[in-house]
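A.B. asks: 3D, please:
(one chain, ligands or ions: 2)
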Amino acid sequence: MTGEYRSGFAALVGRPNVGKSTLLNALVGQKVSIVTPRPQTTRHRIVGIANLPNAQVAFVDTPGLHNHAARALNRAMNRTAAAALEDADLVVLVAEALKWTSEDDLTLARIVKSGRPAIAAVNKIDRAQPRERLLPYIAELAARHSFLAIVPTSALKSDNVEDLKHTIARHLPVAPAMFLDGEITDRGLEFRIAELIREKLTLELNQEVPYGVAVEVESMAEEDGQLAVDAAIWVDREGQKPIVIGAKGERLKRVGRSARLALNELLGRRLHLNLWVKVRENWADNARALRHLGLE
Ligand code: GDP
Ligand code: MG
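C.D. replies: Numbering: from 1, shown residues only. Ligands and ions are numbered 1, 2, ... in the order given. Predicted structure coming up:
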């Protein structure tokens, strides 16, 4: 790329679990957005910034667009994704290699409706089997929409991620940088701490419980050279409290330990973490609770 400097917002959209957050982290080169094997892990719009010699890309991670949005939380997640898409200079449809579902159709319909220019990333190519079905899959994708480019990637193995980054940058508007050098996300410390705790918690829990869990940092203070953090884990039913805490408090202890280790690394300093489990009945259906958690 030569000549003019480019910058803008590139929204990563797609159905749940295709690897949008993993891709964001790979594109930025740091963990900005949490990742778990479970669909619907990402609930917010999260910006991750990458600087190239001639461009600055603000990637926007979004919740996966999904059907059956029965709860207020799920409707809010779909709204967040749709709004990020419409605000973007460029949309990146993230799809999974060899797999196309009705939720991918839903996402593509949103892109078409937005009229935004779009690039497709065909992710998880590391496990696309049989290999020879990849080219026909890409040809079908090309027939579905006139993408500016279709880039196969493995976010997990960082395959072709640099190529995707440059392809995106090339298609951004000519504009000056929007973020300072060194800025990697628009999200503050409290949010990143709460999200990392939710990641570790989600990895510990089975089945439907993670969808009823939210994390909120209640206080942060300097204490004897350490950062002391109190965080509340909200569950939406009394019956989930013992599940989160575990027998003799073992599960909550494990979550606390792995969150603390991850946070020590993220912050480059030691941290003292107190976790509390609190019940707020049906918070995921409660507009005020969602607003309070920044989930609108
Ligand atoms: P999102 O819901 O679209 O944000 O997806 P995530 O980034 O949270 O990833 C969902 C799951 O897919 C996680 O278990 C990731 O490790 C996994 N994943 C993401 N990208 C890849 C990839 O390129 N290859 C493989 N094999 N797994 C991936
Ligand atoms: Mg995600």
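
A.B. asks: which residues in the chain form helices?
C.D. replies: 20-28, 72-87, 102-114, 134-144, 161-170, 189-204, 241-245, 250-267, 287-292 (DSSP state H).

A.B. asks: Looking at strand pairing, list the partners for Val57.
C.D. replies: Gly8, Ala50 (DSSP bridges).

A.B. asks: neighbours around it, how many?
C.D. replies: Residues within reach of Val57, counting by other Cβ atoms under 10 Å, total 24. Quick note: C-beta positions are derived from backbone N, CA and C, even for glycine.

A.B. asks: With Asn54 instead?
C.D. replies: 15.

A.B. asks: What of Val235?
C.D. replies: Applying the criterion other Cβ under 10 Å, we find 22 residues in the vicinity of Val235.

A.B. asks: Just the pLDDT for it.
C.D. replies: The predicted local distance difference test score for Val235 is 95.

A.B. asks: try the one 10 residues further on
C.D. replies: As predicted, Ile245 sits at a pLDDT of 95.

A.B. asks: Next: Tyr211.
C.D. replies: 82.

A.B. asks: Also Asn67?
C.D. replies: We note a pLDDT of 90 for Asn67 in this prediction.

A.B. asks: Over to Leu266?
C.D. replies: pLDDT, the model's per-residue confidence, is 89 for Leu266.

A.B. asks: Val91 too?
C.D. replies: pLDDT, read off for Val91, is 98.

A.B. asks: try Thr2
C.D. replies: The score at Thr2 is 57. That number is its pLDDT.

A.B. asks: Around ligand 1, pick out the residues from the stretch 101-250 of the chain.
C.D. replies: Contacts of the stretch 101-250 of the chain with ligand 1, taken as Cβ under 6 Å from any ligand atom, map to 123-124, 126-127, 154-156.

A.B. asks: Among those residues, which one sits closest to ligand 2?
C.D. replies: Minimum separation from ligand 2 among these (Cβ to the ion) is found for Ala155, which lies at 10.7 Å.

A.B. asks: Report how many residues lie close to that closest one.
C.D. replies: Using other Cβ under 10 Å, Ala155 has 26 other residues around it.

A.B. asks: rewinding a little: just say which of the helices of the chain is most tucked in.
C.D. replies: The highest average neighbour count among the helices of the chain, using mean count of other Cβ atoms under 10 Å, belongs to helix 20-28 at a mean of 26.

A.B. asks: so which of the residues of the stretch 101-250 of the chain next to ligand 1 is the most crowded?
C.D. replies: Each of these was scored for neighbours by other Cβ under 10 Å, and Asn123 scores highest at 29 neighbours.

A.B. asks: Let me see the contact set for that one.
C.D. replies: With contact set as Cβ atoms under 8 Å, 6 or more residues apart in numbering, Asn123 has these partners: 18-19, 22-23, 94-97, 152-155.

A.B. asks: Which residue, other than its chain neighbours, is closest to it?
C.D. replies: Gly19 (4.3 Å; Cβ to Cβ, 6 or more residues apart in numbering).

A.B. asks: can you check Leu275 too?
C.D. replies: Distances taken as Cβ to Cβ, 6+ apart put Gly256 closest to Leu275, at 5.1 Å, once the chain neighbours are dropped.

A.B. asks: Just the pLDDT for the one you found.
C.D. replies: On the pLDDT scale, Gly256 is placed at 97.

A.B. asks: Relative to ligand 2, how far out is the residue nearest to Asn123?
C.D. replies: Plainly put, Gly19 is 8 Å away from ligand 2 if you go by Cβ to the ion, to the nearest Å.
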